[in-house]
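Participant: Fold the following, please.
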Amino acid sequence: MPRKRLPHRHEVKYLPFGPSTPFAKQRALYLRLSDDDPDTVSIEHQQEAGFVHAKQHGLTIVAIYTDWRTGVDPDRLAMAQLVRDAHASKHPGVVFYDDTRFHRDISGCYPAVKLHHQLPTYTFEAARGTYDIEMVGMLATMSGAERKNTRRRSMEQRRTRAQMGQWMAGMKPYWLQRNPDSRVAEIDPGRAAAFLHAVQMYAAPNGSARAAAAWLTENAPLAVQRNAPRVWTSARFRALLRNPALWGELPYARGMDLKDTVEDQWAMVIRKRIDNPHAVPFTVPPLIHHTELERTQCQVEGGCERDIYPAGTTLDTLIKSRDGKTGGRPYAIEHPLRHVVLLCACGWRVRWHLRRLNENEYMYIACAARMADGRTTHNHTPCGMRSMPVNPSAKRKQGGGKQCPTGPVWPKVRAKLIEALHDPVTLAEDQRRQVLAEQEIEARSLADEARLIEELDTALADLRDRAARLYDRLDRGVINETTYKDQTAVIDNQRRATEERKRHLLAQQLIVQRAEQAMVDLRTALEELGDVDPASLDDGEWGEILPHLVESINLDLDGEPTIHWHRPS
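Facilitator: Below is the predicted model:
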């Protein structure tokens with residue numbers, strides 16, 4: 001279920017005024033501030049200008065409505081309250097700084113246009129410049145075009161300056177700072193030394209992200225960014241370990257949002273963030289090498305101060321394999337059975353889980369329905385499949401000192417595969433018979449199938465002729481319309497039955513072709529193995545060929561596998 005969005009910041013304040021103030025002299029004041037405006041005017045300045053305008057024209061501000069929201073949004077909360085109060089006759093008009101503070105684009109001006117249509121006497125006054133509600137469509141369009149042009153020119157200028165080597169806007173990595181004169185990225189010695197010390201702590205044999213983050217919290221200098229956090233977290237530390245600026249790459253505009261339109265929402269919703277193929281390459285001073293190859297080459301050529309630190313790819317591997325929250329996830333573990341669908345006795349997929357004891361890792365699989373414990377479905381009874389070790393090395397003692405009764409799963413699957421691959425011709429023929437048996441198809445020769453299809457085509461042609469003759473008799477007045485409808489219904493029923501028989505026969509032909517293709521594909525995959533003995537293949541080689549041979553594997557309660565070979569779609 002998607003997370004419910006919180007309402008944006010807004011404020012409505014009603015001001016006291018004298019009871020003798022005429023209703024015609026009362027006005028509302030609307031203020032708006034948003035980060036998407038290149039010409040943002042502060043709330044205080046807008047409010048001051050609004051009160052000056054009211055004093056000059058003998059008006060009294062009775063309410064202040066403030067939105068911290070883009071003017072393109074027609075659903076601004078303070079604006080909606082202003083409209084409701086206008087209909088409740090709390091004020092006969094509104095004052096605002098200028099048209100850009102009141103709305104942006106066509107969508108943003110919709111509430112004002114609708115209010116003017118419902119209350120033609122309601123007034124709209126700008127403290128700066130002029131505002132004509134009758135011309136609001138043109139003004140809103142010009143305002144939106146100006147905003148887009150300003151943003152485009154700003155982005156083009158930033159990209160040009162990034163190509164010149166100047167560091168532009170963006171979240172600055174912890175150890176970098178920008179020279180105020182040349183705008184070039186520079187390393188802050190204190191913060192860089194602290195972060196590199198934490199990297200060495202993390203790369204140690206018994207290091208962890210938690211210990212590194214705790215050390216940074218106690219000893220690292222505070223970042224120069226506004227509202228920089230004093231406390232370091234493991235997530236923040238790991239995110240910086242994967243920041244490309246660590247090895248000297250910080251492309252400008254390297255991220256791009258993929259957006260989709262959502263019904264009943266004016267704005268597009270970000271679906272996911274991807275790498276921008278048009279990012280501007282930008283280099284910054286590196287702290288470490290990117291790969292171990294670069295580190296080795298640097299050492300051969302004489303070395304540098306970065307050689308004592310692990311490379312970026314090494315840190316990424318440590319994040320995947322060492323940290324409990326990331327390394328314990330099954331997708332970070334490579335195994336041949338990860339490339340096929342594993343099903344338990346009840347038809348559910350198995351769930352992988354990893355356990356660690358000292359320096360050893362134990363990989364297990366279990367029924368996903370049992371592990372879900374009713375959270376996924378309420379009317380499903382788990383099959384009772386318990387946790388089974390995957391590899392022989394995972395045969396550690398269970399609770400009470402007992403060995404796992406089923407034994408490891410992978411040796412059983414591997415033995416079945418080796419046994420089947422020793423006789424590829426018989427295996428391919430069994431696959432063909434299995435496909436035909438599943439569809440209960442009667443074996444026929446090509447001549448018999450051609451004869452049956454020809455008979456059905458002849459029957460369909462005879463039915464079409466009967467329908468044409470019947471219509472001719474109706475047209476000549478030989479039969480009445482009731483008789484024509486009755487006999488036409490009989491012909492239609494016969495035609496549908498004949499067409500269904502033909503469709504069923506052609507569908508069986510496709511299934512037979514699928515069975516033949518399955519046999520060809522399986523033989524081709526087996527021939528690619530050549531003279532290689534399946535018993536000599538290691539886990540890495542099994543991981544490469546298994547997806548081409550096996551579609552899924554069913555495991556019973558004892559861990560005995562049933563292999564379903566790959567078939568063409």
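Participant: For the nearest residue to Glu292 once chain neighbours are set aside, give me its contacts.
Facilitator: Excluding its sequence neighbours, the residue lying closest to Glu292 (C-beta to C-beta, 6 or more residues apart in numbering) is Ala311, at 4.8 Å. Glycine gets a C-beta too; all of them are placed from N, C-alpha and C. Taking C-beta atoms under 8 Å, 6 or more residues apart in numbering as the criterion, Ala311 is in contact with Trp247, Ile288, His289, His290, Thr291, Glu292, Glu294, Arg295.
Participant: so which of the residues you listed is the most crowded?
Facilitator: His289 (25 neighbours; other C-beta atoms under 10 Å).
Participant: so which strand or helix has the nearest residue to that one once chain neighbours are set aside?
Facilitator: Among residues not flanking His289 along the chain, Arg295 sits closest, at 4.1 Å (C-beta to C-beta, 6+ apart). Using DSSP states H and E, the element containing Arg295 is helix 292-300.
Participant: Give me the residues contacting that helix.
Facilitator: Counting by C-beta under 8 Å, 6+ apart, His289, Cys304, Arg306, Asp307, Ala311, Thr313, Thr314 sit against helix 292-300.
Participant: Among these, which one has the most neighbours?
Facilitator: His289 (25 neighbours).
Participant: Could you verify that that one is part of a helix?
Facilitator: No - counting by DSSP: H, G, I helix; E, B strand; the rest coil, His289 falls outside a helix, being coil.
Participant: Against Ala192, how distant is it?
Facilitator: 15 Å (C-beta to C-beta, to the nearest Å).
Participant: Heading C-terminal from whichever strand or helix holds Ala28, find the next helix or strand.
Facilitator: Take DSSP H and E as the rule and Ala28 turns out to sit in strand 26-32. Per DSSP H and E, the first helix or strand lying C-terminal to strand 26-32 is helix 43-56.
Participant: Let me know the pLDDT of Asp260.
Facilitator: Looking at Asp260, its pLDDT is 65.
Participant: err, His45, not the other one
Facilitator: So, for His45, pLDDT stands at 90.
Participant: Not counting residues beside it along the chain, what's closest to it?
Facilitator: That would be Tyr97: by C-beta to C-beta, 6+ apart, it lies 7.8 Å from His45.
Participant: which SS state does Glu186 fall under?
Facilitator: strand.
Participant: In contact with it, which residues?
Facilitator: Contacts of Glu186 (C-beta under 8 Å, 6+ apart): Leu176, Gln177, Arg178, Asn179, Pro285.
Participant: so it bridges to which residues?
Facilitator: Gln177 (DSSP bridges).
Participant: Return the distance of Asp465 relative to Leu15.
Facilitator: 90 Å.
Participant: quick one, what contacts the residue nearest to His45?
Facilitator: Leu31, Val41, His45, Gln46, Ala49, Gly50, Ala126, Ala127, Arg128.
Participant: try 6 Å
Facilitator: Counting by C-beta atoms under 6 Å, 6 or more residues apart in numbering, Tyr97 touches Val41, Gln46, Ala49, Ala127, Arg128.
Participant: for Leu456, same thing?
Facilitator: With C-beta under 6 Å, 6+ apart, Leu456 has these contacts: Thr498, Lys502.
Participant: quick one: the helices in the stretch 101-250 of the chain?
Facilitator: Assigned by DSSP state H, counting those that start in this stretch, the stretch 101-250 of the chain shows helices spanning 105-108, 110-118, 136-163, 189-203, 209-219, 234-241.
Participant: Likewise for the stretch 351-500 of the chain?
Facilitator: Going by DSSP H, counting those that start in this stretch, the stretch 351-500 of the chain shows helices at 368-372, 409-421, 424-439, 446-475, 481-528.
Participant: which of the ones you listed has the lowest average pLDDT?
Facilitator: Among the helices of the stretch 351-500 of the chain, helix 424-439 carries the lowest mean pLDDT (a mean of 61).
Participant: As a markdown table, the contacts of Ala311 with pLDDT and distance to His548 would be great.
Facilitator: Shown next, in a markdown table, are those (pLDDT from 0 to 100; distance: C-beta to C-beta, whole Å):
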| residue | pLDDT | distance to His548 |
| --- | --- | --- |
| Trp247 | 90 | 37 |
| Ile288 | 92 | 39 |
| His289 | 90 | 37 |
| His290 | 88 | 34 |
| Thr291 | 85 | 31 |
| Glu292 | 81 | 32 |
| Glu294 | 80 | 35 |
| Arg295 | 79 | 37 |
